[in-house]
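**Student:** structure of the sequence below:
(2 chains)
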Amino acid sequence: MAEYLLVFMSAVLVNNFVLTRFLGLCIFFGVSTSFEASLGMGVAVTAVMVVASLFGWLIYFFVLTPLDLTFFTTICFVLIVASTVQMVDIVTKRFAPKLYSMWGIYLMLIATNCVVLSVPLINVENEFNLARSLVHAVGAGVGFWLALLLMASIREKLTHSEVPDAFKGLGIAFVTAGLLSLAFLGFSGMIAL
Amino acid sequence: MIVLTAMTVMHSLTLVMVLTSIALAFGFLLALTAKKLAVPSNPLIEEVDEELPKGQCGSCGFAGCAQYAEAVVTRPDVLPNLCVPGGNEVANIVSILTGKKAAELKPRKAVVLCRGVREQTTAVKHLYEGLTDCVAANQLYGGDLACEQACLGFGNCVRACTYGAMSSDEHGTPIIDARKCTGCGNCVTACPRGVIELIETDKPSVVRCRNHDGPERVREICSVGCEACKNCVEICPHGAISIVDNVAVVDYVKCQNCPEPSCLVVECKPSAISTNHEHARPFTPAGKLDPVERIKLPRQHEEHLPAETRRTSFDEVNHGMSEEIALTEILRCVHCQSPTCVERCPIHNCVPTYFDNLANGDLIGAIQLLRKTNPMPSILGRVCPHPCEAKCVRGKKTESASIHAVERYVGDMERRLKQEGKIPRPTQPQGIDLGKVAVIGAGPVGITGAFDLAKKGYKVTIFERSPVGGGMMHLGIPEYRLPRDVIDDVFADLRSLNVEVRHGEGIDKDRTPQSFLAQGYQAVLLGIGAYKGLTLGIPGEGEYEGFIDVLEFLRTINLGDKSLPGKKILVIGGGNSAIDGARTALRLGCSDVNIVYRRSRAEMPANPEEIDDAEKERVTMHYQVAPVRIVGENGRVTGMEVIRQELGEPDASGRRKPVPVKGSEYIIPADLIVPAISQKPDLSSLSDGHGFTISKWDSFDVDKNMATNVEGIFAAGDAVTGPATVVEAIAAAHKAASAIDQYCSAKRQAVA
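**Tutor:** Numbers count the residues shown, from 1 in each chain, chains lettered A, B, ... in the order given. Predicted coordinates:
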């Protein structure tokens, strides 16, 4: 149990996908202008990551490895992620219309996103078992969500503060992201896997 | 080796099969889920979605049109009137569909409140900083413009517009096409300087300047900035304008949207105040015609007299379009995104907009709009070679819209309404006297210059050498193309504008242009035209009688002498004046009329309609022949020897050069030879040492403001460019008139 908790915390804090691995930066800067949008986006990304990890793990260990086609993983996973997004879209629309109205429009934005693709890839590269993969995916999603929410709260405050002209807009956003990233560096070495 | 290859093939095959099966599996799974789990979509949502304009502008606050459609149907708190571009029309439909009620929206349009820093500017400095974005420029250096409140001109707003309603002028300042602007406000958000504002369309007057640094600073940095002179504040009868922070501001609550706004008549030197009248008219596309029907409509034609009747009479050949046909023709305009006709027209007639006015039944609006750029639509509709039509998008596949015919229709309607007293002729502003200006020549330049200046409040006097007004339009263009009452109507307008026309006076050796300045005229506009025919330079020229330049020939006839010049006429040249000469000769009763042109019919510079008409009237055309020598007997011309030419090898410019065919010479018999090859300005009336800089083509050298090197004397039209069209002369005269106004107001300020 402790091991799973470690995997989770590692994905959330130590190896945060945005702030330490620098993945998914386009959504990170694009969506973090509003807190509400970040909330929806984070949930959508987490959901898609978990489902994509599940499919990715199954296909990698039961199809690609026996047939010696592991070099082919990346392309295969692109296909999986895109289909997963589509499927999550259909399923939530049917069974959770409330949820869908919250993050439905963000789903299409992550159909070809690097952070969603990277999680199943990291899972299989490290040869995690299925449970560990799923925990890792949830952790990655929560980490992404955390980073997005932190950034969104800061940026909402920033709009009301006196930023020097030269830094207004994306400029100050990058500076803030850099500082956040430095802060997250403090977690490294805390958990050793 | 073979085994290895076989293994590779096997491996690749597995790869393809695996990929295919995974793709198929997912596809199948997706199809299944989509089918099994499909949410029965609300047909109402789709219906609402279809009514929305699909600009995806986000003005409603939702991510897109589909999201808004869904929200307005499913959520009770979402109002049906949130779609800004759709306006009341869409709001009504959505209310009916959803059963929700909402207050009526006031239509709004975006208006640019700055015209960019002009002339005295450092505006281009940031170009070599590599900037292409207003926000970046604004943040870095405040844009580095002389005016810190001015439009930066990188076009962020243009890029933000999802309706294609915005474009940039040559300075980068945005121009808003009111017909396409939906009032969504994306441009307002995109502008880092707040130069664009949304204004309710029934509040028309706006001040197009935002600089509040005070008049001295404004004068120093910008030629079009508000100088807070209070002229407009004093004249507004509703007290709607006030000076706030050194810049005039219109109070939209008090502004009454006067039909003839007095704030526009006032002397605003930089013309910083302007109305929003074009914005005020909501656009309904011409007759809501189905696009397919629109494309299928064939080009409508003007009514022509039959060739046999017209070739012997001076009655007008072209009878124009009837109301019904003209109103059908305007439906052919497809309202392309950036109207190429407006761009090509030298005076930039706002073609699609006045077409719309006509389609909406607003003839007066069409007349007013056309008159803004064009002082004589009735004349231009008849004689303009309409370069706009050559650029018309419709002409690429089928035939262009008949822009000149509609222009003529509007002009003729205007003339009729004026003569019936239903609309007033233009008048001078009351109580404004800006001094005297002299205009030399009553041609297109003189008329346009007099119009523009008289409307501003100058007392204009036109000096015309010949006994008739209209210049080349009267002396060069024959009656059957331009009836004289059309020209007379223009002069009636000029009289109403208090313009005096003095016939029989002009410049000569004793009365130089400079002498007018000494007589108290503040400025002189020279529009003396190009009347001197060029010579052919072939043997026999000038040796015999019966040789007369086309302009001389036409002038005699147009001044009333309609005696028979000879039986057989030979005209040399391929321009409009050559055709005019030949067709006029026919009408005088000449039995045999020939035109000699050195290139082919397709290359003739005359209007194609004119060539067509001439051929129908049985003018004999000799294409691709060159004059060799004039043949004569007993001191009179008897004919001209010509030689056939064929197109030879392409020359340096890539055009195939005509080469004479040896031994193909023949003689065309003629009693009268009329060369119509080109003209140049006749400067013999200027005294020697007149002080003007003259170009090598014997025309006046002017700067970009149409000013000659002599202070206070401006020139425009054929006298500057050599023989050209009426419309080009008008365009130049507009420019000259505004330069004269600037020159005079600068002088007035210096005195004050």
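
**Student:** now name the helix or strand holding the residue nearest the centre of chain B.
**Tutor:** Nearest to the mean C-alpha position of chain B, counting by C-alpha atoms, centre = their mean, stands B:H348 at 1.6 Å. Using DSSP states H and E, B:H348 maps to neither a helix nor a strand.

**Student:** how about the one 5 residues further on?
**Tutor:** When secondary structure is defined using DSSP H and E, the element that contains B:T353 is helix B:351-359.

**Student:** from the contact counts, what lies against that helix?
**Tutor:** Under the contact criterion of 3 or more C-beta pairs under 8 Å, 6 or more residues apart in numbering or on different chains; DSSP states H and E, helix B:351-359 touches helix B:323-329, helix B:340-344, helix B:363-373, helix B:403-419. In short, each C-beta sits where N, CA and C put it, glycine included.

**Student:** rewinding a little: so the residue nearest to the centre of chain B versus B:P539, what's the distance?
**Tutor:** 48 Å (C-beta to C-beta, to the nearest Å).

**Student:** what do you get for B:I347?
**Tutor:** 44 Å.

**Student:** and if you look at B:S322?
**Tutor:** For B:S322, the distance to B:P539 - C-beta to C-beta - is 53 Å.

**Student:** likewise B:G520?
**Tutor:** Taking C-beta to C-beta, one finds B:G520 at 53 Å from B:P539.

**Student:** so those two - more neighbours on which side?
**Tutor:** B:P539 (12 against 9; other C-beta atoms under 10 Å in any protein chain shown).

**Student:** what's the spacing between that one and B:V571?
**Tutor:** Counting by C-beta to C-beta - B:P539 and B:V571 are separated by 20 Å.

**Student:** also B:A326?
**Tutor:** 34 Å.

**Student:** more neighbours: which of the two?
**Tutor:** For B:A326 versus B:V571, neighbours defined as other C-beta under 10 Å are more numerous around B:V571 (29 against 22).

**Student:** that one: what's it in contact with?
**Tutor:** B:550, B:578, B:581-582, B:585, B:593-596, B:674-676 (C-beta atoms under 8 Å, 6 or more residues apart in numbering or on different chains).

**Student:** secondary structure element for B:R179?
**Tutor:** B:R179 belongs to no helix or strand, assigned by DSSP H and E.

**Student:** ok, it touching B:F355?
**Tutor:** No. Contact criterion C-beta atoms under 8 Å: B:R179 and B:F355 do not qualify, at 10.3 Å.

**Student:** between these two, which one's more packed in?
**Tutor:** B:F355 (25 against 20).

**Student:** and chain B, is stretch A:28-45 touching that?
**Tutor:** No. Stretch A:28-45 is not in contact with chain B by C-beta under 8 Å from any C-beta of the partner chain; minimum separation 9.6 Å.

**Student:** show me what counts as buried in that stretch.
**Tutor:** Neighbour-count burial for stretch A:28-45, with 16 or more other C-beta atoms under 10 Å in any protein chain shown as criterion, is recorded at A:28-29, A:31-33, A:37-45.

**Student:** ok, now stretch A:183-193?
**Tutor:** Here stretch A:183-193 shows A:184, A:187 as buried, counting by 16+ other C-beta under 10 Å.

**Student:** alpha carbons of it, in CSV - could you do that?
**Tutor:** The C-alpha trace of stretch A:183-193 is given here as CSV (Å, rounded to 0.1, in the frame of the first residue of the first chain):
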residue,chain,number,x,y,z
ALA,A,183,9.6,25.5,-5.9
PHE,A,184,8.7,22.0,-7.0
LEU,A,185,12.4,21.2,-7.4
GLY,A,186,12.4,21.3,-3.6
PHE,A,187,10.5,18.1,-3.6
SER,A,188,13.2,16.1,-5.5
GLY,A,189,15.0,13.6,-3.3
MET,A,190,12.1,13.5,-0.9
ILE,A,191,10.8,10.2,-2.3
ALA,A,192,13.1,7.7,-3.9
LEU,A,193,11.4,5.1,-6.0
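
**Student:** and chain A, which residues reach chain B?
**Tutor:** Checking chain A against chain B by C-beta under 8 Å from any C-beta, the hits are A:59, A:63-64, A:67-69, A:72, A:75-76, A:79-80, A:83, A:86-87, A:90-91, A:93-95, A:97, A:105, A:165-169, A:171.

**Student:** got a ChimeraX select line for the buried ones in those?
**Tutor:** Listed next is the ChimeraX selection for buried residues among the residues of chain A next to chain B, using 16+ other C-beta under 10 Å:
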select /A:59,63,64,69,72,76,79,80,83,86,87,90,93,105,168
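
**Student:** in helices only, show me the residues of chain A next to chain B.
**Tutor:** Taking DSSP state H as the definition of helices, the residues of chain A next to chain B contribute A:59, A:75-76, A:79-80, A:83, A:86-87, A:90-91, A:93-95, A:97, A:105, A:171.

**Student:** quick one: which of the buried residues of stretch A:28-45 is nearest to chain B?
**Tutor:** Closest approach to chain B among those (C-beta to the nearest C-beta): A:A37, at 9.6 Å.

**Student:** excluding its backbone neighbours, what's nearest that closest one?
**Tutor:** Leaving out its chain neighbours, the residue that sits closest to A:A37 by C-beta to C-beta, 6 or more residues apart in numbering or on different chains is A:V31, at 5.1 Å.

**Student:** re the thing from before, now for the buried residues of stretch A:28-45: which two are most distant?
**Tutor:** Spatial extent of the buried residues of stretch A:28-45 (C-beta to C-beta) is set by the pair A:F29 and A:V43 at 18.9 Å.

**Student:** just the helices in chain A please.
**Tutor:** Using DSSP H, the helices found in chain A span residues A:2-9, A:25-31, A:35-59, A:73-95, A:97-107, A:114-125, A:130-158, A:170-185.

**Student:** if you average pLDDT over each of those, which comes out lowest?
**Tutor:** Ranked by mean pLDDT, the helices of chain A bottom out at helix A:97-107, which scores a mean of 70.

**Student:** what sits closest to B:Y354 if chain neighbours are left out?
**Tutor:** B:A366 (4.1 Å).

**Student:** what does the model give the one you found for pLDDT?
**Tutor:** What the model reports for B:A366 is a pLDDT of 89.

**Student:** please apply the same query to B:T14.
**Tutor:** Looking at B:T14, its pLDDT stands at 83.

**Student:** surely it forms part of a helix?
**Tutor:** Yes. Counting by DSSP: H, G, I helix; E, B strand; the rest coil, B:T14 is part of a helix.

**Student:** could you list every residue that touches it?
**Tutor:** With C-beta under 8 Å, 6+ apart, B:T14 has these contacts: A:67, A:69.

**Student:** and it, how close does it get to A:T74?
**Tutor:** B:T14 is 18 Å from A:T74, by C-beta to C-beta.

**Student:** same check on B:G381?
**Tutor:** B:G381 is 68 Å from A:T74, by C-beta to C-beta.

**Student:** for B:V94, same thing?
**Tutor:** 47 Å.
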